[in-house]
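Asker: Got a predicted model here, sequence first, then my questions.
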Amino acid sequence: MITIDQWIANFLNEKVAPNGFPWGNFVLCTIAILLCVFLCGLVGLEREKRGRSAGLRTHLLVGFGSCIVMIISIYGFPTQQGRDVARLAAQVITGVGFLGAGAIIHNNGGIKGLTTAGTIWLVMAIGLACGSFNFILALGGTLVVMIVLITFRRLEHRVSHISPTIIVVTKCETPAMSIILNLAKEYSCTVSDVNTQIIKDGAEERLETIFTLNSSNKDNIEIEKFNQKLGELTSALSVQVLNHH
């Protein structure tokens, strides 16, 4: 069974330059590169608008590089018999995985950059799809990625809006957990995913309490009031809110 890309290449090779330059393969490679730049640019532009560390240029380079490697894997070793065209692609997947890990940042119990790391890995896949001339798969994959990044972002905000993670740092002798539970009850909230630890603040030891506040109230002002009162009752050195918009 002949694939669409093979049919296009054979048709152009026979019609345009029979027994000459393989124009069909050249046209396919050109389409693959241009489509890859366009699709990976869309994903990179979305990350750029969000002010992420890996933006347009990073996503373009990763996707374009993956596309080139895939094309080389297919056409770069024409005289080698029994070659495995997937071998270079497998190395790209491993290498870009390490690159994506560099975009992940751990900060005060929170993690940033997971989505950007995911998009870096995805543009690699889009680049491989373009380089292997699976244009429909590349287009469909990019459409799904953009829907997730743009549409699902609103849903994610709505969920995190009512379930923020709060980090409060107090003196070790402060009964922080008791105060948090009583205050949550006052605001008709529940507390989950509690984690406490002793941290160093210079020569002093402090108590860090991390918890998720669950509420059915979507009013942002209530959360602000909760944090303000929490800081007053615990004499907190700091109160930080994660994944809340």
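Answerer: Nice, I can see it.
Asker: Report pLDDT for Leu39.
Answerer: Turning to Leu39, the model gives it a pLDDT of 94.
Asker: How about it, nearest residue that isn't a chain neighbour?
Answerer: Thr142 (4.3 Å; CB to CB, 6 or more residues apart in numbering). All C-beta atoms are positioned from the backbone trio N, CA, C, and that covers glycine.
Asker: Checking the one you found next. Helix, strand or coil?
Answerer: helix (DSSP: H, G, I helix; E, B strand; the rest coil).
Asker: which stretches of the chain aren't confidently modelled?
Answerer: For the chain, the stretches with pLDDT under 70 are 1-4, 16-20, 53, 78-83, 103, 105-112, 155-162, 216-221, 243-245.
Asker: residue closest to the middle of this protein?
Answerer: The chain has Thr115 as the residue nearest its centroid, 2.0 Å off, counting by CA atoms, centre = their mean.
Asker: Without its sequence neighbours, what residue ends up closest to it?
Answerer: Leu149 (7.6 Å).
Asker: what's the one helix or strand the one you found maps to packed up against?
Answerer: Leu149 belongs to helix 135-161 when assigned by DSSP states H and E. Where contact means 3 or more CB pairs under 8 Å, 6 or more residues apart in numbering; DSSP states H and E, helix 135-161 is packed against helix 23-49, helix 114-131.
Asker: hey, which of those helices is tucked in deepest?
Answerer: helix 114-131 (a mean of 24; mean count of other CB atoms under 10 Å).
Asker: the inter-axis angle of it versus helix 135-161?
Answerer: Angle of helix 114-131 versus helix 135-161, following axes from the mean of the first three to the mean of the last three CA atoms, to 10 degrees, is 170 degrees.
Asker: Could you list every helix and strand in contact with helix 114-131?
Answerer: helix 23-49, helix 56-75, helix 86-101, helix 135-161.
Asker: Can you list the strands that the following helix or strand past the last one pairs with?
Answerer: To tie it back to what came earlier, the one meant is helix 135-161. Later in the chain than helix 135-161, the nearest helix or strand by DSSP H and E is strand 165-171. As defined by DSSP bridges, the strand partners of strand 165-171 come to strand 204-214 (antiparallel), strand 238-242 (antiparallel).
Asker: Ok, which of these comes nearest Met124?
Answerer: Each of those has some distance to Met124 by CB to CB; the shortest is strand 238-242, at 28.6 Å.
Asker: Would you mark the buried spots in the helix or strand hosting Ile8?
Answerer: Assigned by DSSP H and E, Ile8 belongs to helix 4-15. Neighbour counts over helix 4-15 (16 or more other CB atoms under 10 Å) mark Asp5, Ile8, Ala9, Leu12, Asn13 as buried.
Asker: Can I get these in CSV including distance to Ile198?
Answerer: Listed next are those as CSV, based on distance: CB to CB, whole Å:
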residue, distance to Ile198
Asp5, 61
Ile8, 66
Ala9, 66
Leu12, 70
Asn13, 71
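Asker: All set now, cheers.
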